[in-house]
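In: Take a look and give me a structure for this.
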Amino acid sequence: MTVRSEMIWFDGKFVPFDDAKVHVLSHTLHYGLGVFEGIRAYTQPDGKAGIWRAEAHLRRFLDSLKMMRWATPWSLEELTEACLETLRINNFDSAYLRPLAFLGAGQMGLGARGNTLHVVIAAWHWGAYLGEDALRDGVRLQTSSFTRHHPNAALQRAKVVGHYVNSILARYEANENGFDEALLLDGHGMVAEGTGENVFVVRDGLIKTPPTANILPGITREAVIDIAQHEGIPLQETPFGRDAFYAADEAFMCGTAAELTPIRELDRRQVGTGVRGPITERIQKLYMDGVRGRVPWLEEGITKA
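Out: Alright, predicted model coming up:
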């Protein structure tokens with residue numbers, strides 16, 4: 001995977017990839033105060049790119065800016081068009097899009113407020129986040145020794161750059177211990193989420209997922225809930241402990257990057273039969289077809305380039 005492209009949208013104009021630079025004294029580089037989104041565009045039946053749930057992602061981006069007490073000159077409509085134009089100018093019929101807002105150089109210190117706010121949109125080709133095999137065979141998780149942020153310690157509804165240090169440390173730990181991903185618990189010891197994914201367990205035909213009180217309300221998570229409701233599969237948003245995975249028939253995780261990935265093991269305990277379960281496979285197929293414009297009732301979530 002390479003993040004290279006021809007052009008990057010930078011404060012309203014396109015600049016060549018190698019010219020999209022920032023100063024080493026940019027405030028966000030030092031303190032982590034920035035916001036971003038991860039958005040996927042998929043090839044549609046007409047051969048052109050279609051952005052999956054662009055409005056939902058960009059509304060969350062603008063909400064994150066607001067929560068950081070930042071104002072942006074770019075409207076939802078302008079950012080949507082910028083994403084589409086980024087795909088067009090780079091001749092991408094599918095891609096991962098990365099809007100990012102950050103503070104540039106100027107003042108230093110935690111109280112700095114006058115630095116220029118920059119907004120960029122980059123795009124690149126990105127395959128299966130956890131590997132193509134993982135989408136079929138599932139992944140092995142370890143419960144992390146790192147706790148997810150308390151909701152009053154950080155604004156968990158905002159997708160903030162610095163929040164992801166917590167996720168990186170958990171991912172490093174899991175990978176170094178031989179696992180594919182980490183499962184993080186909240187301050188009460190209840191299941192929160194993966195390092196960049198929401199999680200679900202299935203038992204006796206009922207899907208459960210943690211509420212969004214202390215996790216990022218995922219766009220893919222919302223799509224999974226929509227699909228389950230449409231298909232008549234019961235789903236509850238409710239707290240549960242990690243032992244729910246040990247006794248589950250199936251489990252899966254989802255996110256824009258991870259898409260919908262089965263979980264076959266947690267803490268060296270096999271989940272269900274150790275293979276992708278029927279409910280997971282059913283929702284996964286609908287999702288993967290839906291983002292590509294092959295499920296009529298999901299097409300309204302696609303913004304075409």
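
In: List the neighbouring strands of whatever helix or strand Arg264 lives in plus their orientation.
Out: Per DSSP states H and E: Arg264 is located in strand 259-266. As defined by DSSP bridges, the strand partners of strand 259-266 come to strand 139-147 (parallel), strand 250-255 (antiparallel), strand 269-270 (antiparallel).

In: Skip ahead from the longest one and say which helix or strand is next.
Out: The one in question is strand 139-147. helix 164-176.

In: packing partners for that following helix?
Out: Contacts defined by 3 or more Cβ pairs under 8 Å, 6 or more residues apart in numbering; DSSP states H and E place helix 164-176 against strand 139-147, strand 181-185. All C-beta atoms are positioned from the backbone trio N, CA, C, and that covers glycine.

In: In terms of secondary structure, what does the last one contact?
Out: Read it as strand 181-185. Contact analysis of strand 181-185 by 3+ Cβ pairs under 8 Å, 6+ apart lists strand 139-147, helix 164-176, strand 191-194 as its packing neighbours.

In: which stretch among the ones you listed comes nearest His23?
Out: helix 164-176 (21.7 Å; Cβ to Cβ).

In: Tell me what angle the closest one forms with strand 181-185.
Out: Between helix 164-176 and strand 181-185, the angle comes out at 130 degrees (axes from the mean of the first three to the mean of the last three Cα atoms, to 10 degrees).

In: gap between helix 164-176 and the chain center?
Out: 16 Å (Cα atoms, centre = their mean, to the nearest Å).

In: and if you look at stretch 164-184?
Out: With Cα atoms, centre = their mean, you get 16 Å for stretch 164-184.

In: ok, and what's touching that stretch?
Out: 32, 130, 134, 139-149, 191-197, 199, 242, 245, 253, 266 (Cβ atoms under 8 Å, 6 or more residues apart in numbering).

In: Next: stretch 197-210.
Out: 181, 183, 190-193, 215-216, 218, 220-221, 224-225, 228, 233-240, 244-245, 247-255, 257-258, 261, 263, 277, 279-280.

In: now with 7 Å?
Out: Applying Cβ atoms under 7 Å, 6 or more residues apart in numbering, the set of residues contacting stretch 197-210 from outside is 183, 190-193, 215, 218, 221, 224, 228, 233-240, 244-245, 247-255, 258, 277, 279-280.

In: isn't Arg148 right up against Met190?
Out: No: using Cβ atoms under 7 Å, Arg148 makes no contact with Met190, being 9.6 Å away.

In: Could you check which of those two is surrounded by more residues?
Out: Taking other Cβ atoms under 10 Å, Arg148 and Met190 do not tie; Arg148 has more neighbours (27 against 18).

In: Just name the most buried of the helices and strands packed on helix 164-176.
Out: strand 181-185 (a mean of 24; mean count of other Cβ atoms under 10 Å).

In: Let me see the mean pLDDT of it.
Out: Per-residue pLDDT values over strand 181-185 give a mean of 98.

In: Met67: which of the strands paired with strand 259-266 is closest?
Out: Nearest of the strands paired with strand 259-266 (Cβ to Cβ): strand 250-255, 20.3 Å.

In: Keeping just the C-alphas, turn the closest one into CSV.
Out: Only the C-alpha atoms of strand 250-255 are listed here, as CSV (Å, rounded to 0.1, in the frame of the first residue of the first chain):
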residue,chain,number,x,y,z
GLU,A,250,-20.2,-15.2,16.1
ALA,A,251,-18.5,-11.9,16.4
PHE,A,252,-17.3,-9.2,14.0
MET,A,253,-15.8,-5.7,13.8
CYS,A,254,-16.4,-2.9,11.4
GLY,A,255,-15.0,0.4,10.3
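
In: Contacts for that strand, please.
Out: Against strand 250-255 from outside (Cβ under 7 Å, 6+ apart): 194, 196-202, 218, 220-221, 224, 245, 260-263, 271-272, 277, 279-280.

In: Would you format the helices and strands packed on helix 164-176 as TSV with distance to Gly290 included?
Out: Converted to TSV, these look like this (distance: least, Cβ to Cβ, whole Å):
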stretch	distance to Gly290
strand 139-147	22
strand 181-185	24
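
In: Thr28 is nearest to which of these?
Out: So among the helices and strands packed on helix 164-176, strand 139-147 is nearest, using Cβ to Cβ, at 22.7 Å.

In: now the closest one: mean pLDDT?
Out: Strand 139-147 comes out at a mean pLDDT of 98.

In: And for stretch 47-54?
Out: Here the average pLDDT along stretch 47-54 is 97.

In: Could you tell me the end-to-end distance of stretch 208-219?
Out: 17 Å (Cα to Cα, to the nearest Å).

In: Can you get me the centre-to-centre distance for that stretch and its chain?
Out: 12 Å.

In: Now do the buried residues in it.
Out: 208-210, 212, 214-216, 218-219 (16 or more other Cβ atoms under 10 Å).
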